[in-house]
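# turn this into a model:
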Amino acid sequence: MGFIKVLILLLLIPAFGVGVSYYVITDINNGLASQGIDASITELCVASVISATPELTELCDGLAPAFMLQKAAAISGAVALLLLVSFSGLSRWAGQSRKKITAVFPPLVATSILLLSGLILVQGAVLTYGAYLAESYAIGQAHFVLIGAIALGSAAAGLGLISSIFKMARKRTNSVLGLALEQERHPNIFSYVSELAVRLGAQAPNNIVVGLEPNFYVTSADVHVLAGDRVLKGETLFLSMPLSRIMTTEELTGTIGHELGHFRGDDTAYSMKFAPVYAGLGHAVHKMASDSDGSSHGIVAIPAQKLLQYMLETFHKNVSAVNRAREFEADKAGSEVAPGRALATSLLKVSLYARSWNNIQHQVVERMQQRKFTRNMSLLFSGIVQYDIDMEKLPEIVEAIGKESISHPTDSHPPTSVRIRELGLNISEVRPEELLSPRDSAIELIDDYRAIEEHLTRMQQQYYSAMGVEVPEEEQGSTAAFVLGAFGAHIVLADGDVAIEEIERAEAIGLHLTEQFDVIEFRELCHHPEDLPDIDKLIEYASGYDAEPRALILEYMTKIADADNEICEAEQSLLAKVKSGFGL
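Now for the predicted structure:
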C-alpha cells in the first residue's frame, strides 16, 4: 500500500461524516435563507437569542449530533493524517540503524495501535451516525440492522486492536518438536558451546534443544518443547541432529558461532525488543485482514488494517537491509571460531540437503501407512548424502543454490553465494567432495546421540499419527521383499564396511526385482546389524522357496559383492554358505 492510497482510505470515513453533516446543515441554511433569515444555523445556535425562541432551541438541540459529527469527523481525519505522516517520517529517520529502530519501533507501534483503536471507535461512530442521519434525512427511514452491524463491527475491531497491544507486550512462545538437553547428561555439547561463547564475547544460551528439523537458530523467545511439555526461559540454541551428522566439527563450530553472533552487541537488544514487536505487528495485520472480510461490519477496520500493513511494509524495507547486515556480522562471528571455508561449506550443505528432509518425511509416512516404523530418521538423512548424490551434477546444483537464501524462523537471509563471497571465498572454489558426509561427524559432540535420534524419530512418528496418519492393524509389506533386503544387507556388511557402490547396486537391483523392495528398511538393516535376522535362519526360511527365487537371491548377493570390483574372502565365504544352504 502506497502513502497516498493509505491516506485516501484513512480520510474516506471522516470525509463521509463531514459531507453528511455539511449537507444537512447547508440544507437548513438554505431553508432559513428562503424565509428571509440572513444568518446561518450555526450563528443562530450560538447566539443568545435561542433562549427566547423555543422553536429554534428545539432545532438546535436536534442538530447538536450533526455538529458533533462534523467535529468528530474532522478531528479523526486530522489525527489519521498526523499518525501517517509521523510514522512515515520516523521510519525514514530510523533508516537502517538498529539502535534507532529498536528505540523507535516498539513504542511507535504501541502508540499507533492505541490511536488506531480510538480512530476505529470514533470513525465507527461517525459512519454509524452519518449513515443514520443521511438515510433518515434523505428518505425518512433508516436500516437499523445494517447500521447496528456497522456499530458492533467497529466496536469489536477497535477493542480487538487494543487487545493486540497486550499480546505484543507478552513474550513470544515458539513451539518446537525436539528434546531439551540436560547439562548433567550432555556436558560435552554444553561446554563446547560455552567455550565458543566466551571466545566470541557473546552470551551463552541458557538452553540447548535438539530436533530433526534441518535448521539451526537461536531465539530469546520462550520455547515450548513438545517433548515433555516444557517451556524454556531465556536464550535457546536449536541444533539439527540430521545436519550435525553431515557436518565436520569445524563446520558445526562455524554454524554455532554464527548463531551465537546474534547474542552479542546491538543484535541482542534488537532481537529481544524489536523482533517480537515486528512479528506481533505482522500477526495483527494478518488477523485484521482475515476479520475484515468485506462485509458491512468489516468496513470500518479496513483503513486501520491498511495503515498497519503500510507500517509493516515500510519498516520491512529497513528491516531487510538490517537483516542482511546482521547475517554478515553473524557470519563474521562464525569465521572467528572456525575457518571461513568451513562456514561456507556448512552454508552450502544446509541449502543443498535440507530440502531432502521433506522426501524422508514422505517416505516415513508411507511406511507408517503400511505399519512399518522407522528407527532413525537422522541416520537416514545422512544416507541421502552418502548414497544418493550425483557427483557429476553437484557443481551445477551448487551454483543454483548459491543464488538462494536459507530459510529461517525470524530473518530473511542474503543469498548464500553473497554470504560466501563476504567470507572471502568464491562458491566455484568449493570442491564437490567437500560437500559429502565426513568420516568424523560433528554429531559426536552430542553425548548419546544415537539414542537421542531414535527418541526423536519415535516422537516424529507419533506426531504424524496425531496429525491424522492412519496406521493399519497389520503390516502391509511383502515378506519376500524383506527377506531379499536382509540377504542384501548381510552381503553388504560381510566385509565390515558399508560401501557406497554396494548400497547403490543392492537398491537398484532390489527395486528391479520387486516394486515392494523397501529402501528405508534395507538401509536401516545395514545401519543396525543387530536387527538383522541370523543368516542361518534366513537360509533355512528361504530354502522353502522354489529353485528360481533361490537362484535370484544368490545372484543378487553376488552382484552386490562385486559392486566394488572385488569379492573379498568374507564375501566369498558368505556366498558359499548361502549356495550350499540353498542346494545350488
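# so this structure: which segments form each domain?
Taking automatic domain parsing as the reference, the chain has its domains at 3-170, 171-264+338-474, 479-582.
# for stretch 206-221, the distance to its chain's centre please.
13 Å (Cα atoms, centre = their mean, to the nearest Å).
# quick one: neighbours of Q123, just the number.
Applying other Cβ atoms under 10 Å, we find 31 residues neighbouring Q123. For every residue, glycine as well, the C-beta is placed using N, CA and C.
# how far off centre is the helix or strand it falls within?
Following DSSP states H and E, one finds Q123 within helix 98-138. On the basis of Cα atoms, centre = their mean, helix 98-138 sits 31 Å off its chain's mean C-alpha point.
# quick revisit: nearest to I302, out of the domains of the chain?
Closest approach to I302 among these (Cβ to Cβ): domain 3-170, 6.7 Å.
# any chance of the domains of the chain in JSON lines, plus distance to L281?
Listed next are those as JSON lines, based on distance: least, Cβ to Cβ, whole Å:
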{"stretch": "domain 3-170", "distance to L281": "6"}
{"stretch": "domain 171-264+338-474", "distance to L281": "12"}
{"stretch": "domain 479-582", "distance to L281": "43"}
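# and of those domains, who's closest to V285?
Using Cβ to Cβ, the domains of the chain put domain 3-170 closest to V285, at 9.8 Å.
# where do the helices sit along the stretch 101-250 of the chain?
Here the stretch 101-250 of the chain has its helices, by DSSP state H, counting those that start in this stretch, at 144-169, 187-200, 241-245, 249-260.
# picking up where we left off before, minimum distance to Y278: which of the domains of the chain has it?
With Cβ to Cβ, the closest approach to Y278 among these belongs to domain 3-170: 7.1 Å.
# contact partners for L513?
By Cβ atoms under 8 Å, 6 or more residues apart in numbering, L513 lies in contact with 484, 552, 556.
# could you find the closest non-adjacent residue to the last one?
Excluding the flanking residues, the one nearest Y556 by Cβ to Cβ, 6 or more residues apart in numbering is I509, at 5.7 Å.
# and whatever helix or strand the one you found lives in, average pLDDT?
In the assignment (DSSP H and E), I509 maps to helix 500-513. Averaging pLDDT along helix 500-513 gives 87.
# give me the helices and strands touching the helix or strand following it, please.
Downstream of helix 500-513, the first helix or strand assigned by DSSP H and E is helix 519-527. With contacts taken as 3 or more Cβ pairs under 8 Å, 6 or more residues apart in numbering; DSSP states H and E, helix 519-527 sits against helix 356-368, helix 377-387, helix 479-493, helix 500-513.
# which strands and helices lie in contact with the third one?
For helix 479-493, the elements it packs on are helix 500-513, helix 519-527, helix 535-542, helix 547-561, helix 569-582, judged by 3+ Cβ pairs under 8 Å, 6+ apart.
# the stretch 251-400 of the chain: helices as residue ranges?
Ranges of helices in the stretch 251-400 of the chain, per DSSP H, counting those that start in this stretch, are 266-269, 275-291, 301-337, 340-353, 356-368, 377-387, 394-401.
# return the most buried member of the helices and strands packed on helix 479-493.
Among the helices and strands packed on helix 479-493, helix 519-527 has the highest mean neighbour count (mean count of other Cβ atoms under 10 Å), at a mean of 21.
# with just CA atoms, put it into CSV.
Provided in CSV are the C-alpha atoms of helix 519-527 (Å, rounded to 0.1, in the frame of the first residue of the first chain):
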residue,chain,number,x,y,z
VAL,A,519,14.9,-48.9,0.6
ILE,A,520,14.5,-47.4,4.1
GLU,A,521,14.1,-50.9,5.6
PHE,A,522,17.2,-52.0,3.7
ARG,A,523,19.3,-49.1,4.8
GLU,A,524,18.2,-49.5,8.4
LEU,A,525,19.2,-53.1,8.4
CYS,A,526,22.6,-52.0,7.1
HIS,A,527,22.9,-49.3,9.8
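# pLDDT of that helix, averaged?
Averaged over helix 519-527, pLDDT sits at 90.
# mind checking how far that helix is from the chain centre?
On Cα atoms, centre = their mean, the centre of helix 519-527 falls 31 Å from that of its chain.
# now stretch 358-369
21 Å.
# do the same with stretch 373-392
On the basis of Cα atoms, centre = their mean, stretch 373-392 sits 24 Å off its chain's mean C-alpha point.
# now do stretch 516-525
Mean-position distance between stretch 516-525 and its chain equals 32 Å (Cα atoms, centre = their mean).
# so what touches that stretch?
Contacts for stretch 516-525 (Cβ under 8 Å, 6+ apart): 363-364, 367, 372, 374-376, 379-380, 383, 387, 477-478, 480-482, 484-486, 488-489, 503, 506-507, 510-511, 531-532.
# just the buried ones from these?
Buried by 16 or more other Cβ atoms under 10 Å: 363-364, 367, 372, 374-376, 379-380, 383, 387, 478, 480-482, 484-486, 488-489, 503, 506-507, 510, 532, out of those.
# in a helix, L425, correct?
No: applying DSSP: H, G, I helix; E, B strand; the rest coil, one finds L425 to be coil, outside a helix.
# do you know how far it is from G254?
Counting by Cβ to Cβ, to the nearest Å, the gap from L425 to G254 is 12 Å.
# do the same with P303
In terms of Cβ to Cβ, P303 sits 48 Å off from G254.
# for S175, which residues make a bridge with it?
Taking DSSP bridges as the rule, S175 bridges to H224.
# surely it meets A227?
No: the pair S175 / A227 is not scored as a contact, 11.1 Å apart, by Cβ atoms under 8 Å.
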